[in-house]
Structure formats: structure tokens, C-alpha cells
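# Have a look; sequence and predicted model below, questions after that.
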Amino acid sequence: MARSTPKRRPERDDDAGKPDLIDLVGKARDGDEPAFEALFALCSGRILNFIHASSGRDEDVSRDLLQETFLKVHSKLRGLRDQARFESWLYAIASNCCRDHLRKKRLEPVSDTNLVERTADRKIQAGRDGKIGDSETMEAVRRTVLKMPEKLRQVFLLKKMEERTYDEIAELLGCSVRTAKYRMERSWDLLLKELNRKGIRIPERAGD
């Protein structure tokens, strides 16, 4: 049974005037290079964040992986039959590039000093002052997220970094909404356990 089309995200003020993604994909697939360049400009920022947070590598390596991702997109785009599935296809390519890089180099994801700012929920509080910037909290969240199994980490990053809906996450990762929610629950449980172990208070669940 075909998965239902995910709900559109509410439009934001900064979305006004942006080119239509599906229209750009169609033109780029037909060989329109300016359209492909516009597609890169539209998507590269969040894909770079996803790559950087997923692998934890430095900015130069992350940018190299971004270029590798879009080179593969460029070479394979003519084979994409369903333009509406471009985003999920793009994230899959980015994820595979990260995985291949880490495997070839025999690397593990490493600590990223900016990861917490991208992923930590604002409800997380540290000690009495409730500041997310507490160094112990930042380090605990950073290490826990980077040690999560890849599938849990991806859902966590998409939910907290990009504020995606579960419908969108399921579409991007090729899983069911139920599975996306389960993985978010598991990732939050791992984070909660680690922060509690360090005596860091979280006033309420923030998995949703």
C-alpha cells in the first residue's frame, strides 16, 4: 500500500518568494543547469547541517561530503521518476555518503561543538538556573546524541534540528510514522537516561 503524502509544513515568512522545489527538480532532471544550481542553493544549507551533525566531522569534511552528495544527485537525477520524492532521495544519498566516509576511514562520529545549538530542545534545563548553555549539559547532550545508533540519531536530528513533522520524517527516511515516533521515543529515552545519570533536570518529556 502506498504511503500517504505527508502534510505540507506551515509556510513561514522566510519561505515567501522561494522557488518551487518540485518545479526545480523537474527542470534540473531535464538538464537545466541553472535550475540545478537553484536546487543546490535551496537545499544545500539543511543538507550540510544534516551531514555535519550526523557525522560530527569538521566543516571542511562536511562540505566535501556535501559536494559528493550533490555530484551523485546530479549524475543520478535523470533516473528519479517521482519528483515528489526528491527530498527523501536526497537525504538517503547524504546519509549514504556519511556512512561510506566513516566506514572507509574507520571513523566514529565525533563531538561537534555546535551540535547542541542545532539539536537540543529548549525545555532541557541544567541545575537551578535552567540554562541550556551549561557546559555539563552541552557536553552530555552532545556525546549522547553522537553515540546514538544511526537510525535514532537521524530522527532526533530531523525532529530537533529541522523541526520536521513525523509525517515528513517518515517520508524522508522511508519508514512509517509509527516507526519514526518509536525511534524518537527511544532517542529521547537514551538522552533522558544520560542526563539523569549526570543529575541534569528535565522538567517534562520533549520527545514530541
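On my side now, so go ahead.

# C-alpha only now, for contacts and for neighbours.
Fine.

# Any stretches of this protein with poor pLDDT?
1-19, 56-57, 105-136, 138-139, 201-208 (pLDDT under 70).

# Can you show me the helices along it?
Along the chain, counting by DSSP state H, helices occupy 21-29, 33-55, 59-76, 86-105, 115-119, 135-147, 150-161, 166-173, 177-197.

# possible to save these as JSON lines with mean neighbour count?
JSON lines is the format used below for the helices of the chain (neighbours: other C-alpha atoms under 10 Å):
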{"stretch": "helix 21-29", "mean neighbour count": "19"}
{"stretch": "helix 33-55", "mean neighbour count": "19"}
{"stretch": "helix 59-76", "mean neighbour count": "17"}
{"stretch": "helix 86-105", "mean neighbour count": "17"}
{"stretch": "helix 115-119", "mean neighbour count": "19"}
{"stretch": "helix 135-147", "mean neighbour count": "19"}
{"stretch": "helix 150-161", "mean neighbour count": "21"}
{"stretch": "helix 166-173", "mean neighbour count": "22"}
{"stretch": "helix 177-197", "mean neighbour count": "18"}
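
# quick check: domain ranges of this protein?
20-110, 112-208 (automatic domain parsing).

# Is Lys151 in contact with Arg183, as I believe?
Yes - in this structure Lys151 lies within contact range of Arg183 using C-alpha atoms under 8 Å: 7.3 Å.

# What distance do you get for the nearest residue to Leu24 once chain neighbours are set aside to Leu65?
Among residues not flanking Leu24 along the chain, Ala35 sits closest, at 5.5 Å (C-alpha to C-alpha, 6 or more residues apart in numbering). Here the criterion is C-alpha to C-alpha, to the nearest Å. By it, Ala35 lies 21 Å from Leu65.

# same check, this time on Thr165
Counting by C-alpha to C-alpha, the gap from Thr165 to Leu65 is 26 Å.
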